[in-house]
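Peer 1: Dropping a prediction and its sequence here:
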Amino acid sequence: MFKKILISAVMLMLIGITIFSLVNMPLKLNSAVESKSGDEPLNSHGNKQMINTLKVVNEKIQQKYQSVDVSINSEKELVIKVKGNNDYFNSVKNDIESMVKNVIKSSPLKENTIVVEKNGFPFQY
């Protein structure tokens, strides 16, 4: 009886280790691809400038409009999400785009596409 319990416990541990290894494998592959791609580390000077620029963009927009979220995606797009109805969105999107262009014109984000969107419907500039 003790042998059966011991064998069962060992088998469960082996299955757990195998599942853990398989689950973590994609993470290791992704990090290997990222390190070979030549991207800068997150704490590099260029990335710090990008983060600071995002903060400035967010602060400038928040001074005038309170229902806006600012982010950047992997397609080199600076995404500004505006909350509100269609009339509100249409009345503020050009002003927001202009504000963002002025802030990023001399920053590392100057090459990024500006996307102003409402509820997932993008308007690109």
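Peer 2: Alright, I've got the coordinates.
Peer 1: show me what contacts the spatially most central residue of the chain?
Peer 2: Centroid-nearest residue in the chain: residue 73, 5.0 Å away (criterion: Cα atoms, centre = their mean). Taking Cβ atoms under 8 Å, 6 or more residues apart in numbering, we find residue 73 in contact with residue 79. Glycine gets a C-beta too; all of them are placed from N, C-alpha and C.
Peer 1: For the protein, just list every one of the helices.
Peer 2: With helices called from DSSP state H, the chain shows them at 2-36, 45-64, 86-104.
Peer 1: Please produce JSON lines containing those, extended by distance to residue 112, mean pLDDT and mean neighbour count.
Peer 2: JSON lines is the format used below for the helices of the chain (distance: least, Cβ to Cβ, whole Å; pLDDT from 0 to 100; neighbours: other Cβ atoms under 10 Å):
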{"stretch": "helix 2-36", "distance to residue 112": "20", "mean pLDDT": "64", "mean neighbour count": "10"}
{"stretch": "helix 45-64", "distance to residue 112": "9", "mean pLDDT": "84", "mean neighbour count": "14"}
{"stretch": "helix 86-104", "distance to residue 112": "7", "mean pLDDT": "91", "mean neighbour count": "15"}
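Peer 1: Next, format these as CSV and append distance to residue 115.
Peer 2: Converted to CSV, those look like this (distance: least, Cβ to Cβ, whole Å):
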stretch, distance to residue 115
helix 2-36, 24
helix 45-64, 13
helix 86-104, 9
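Peer 1: closest one to residue 80 among those helices?
Peer 2: Among those, the nearest to residue 80 by Cβ to Cβ is helix 86-104 (5.7 Å).
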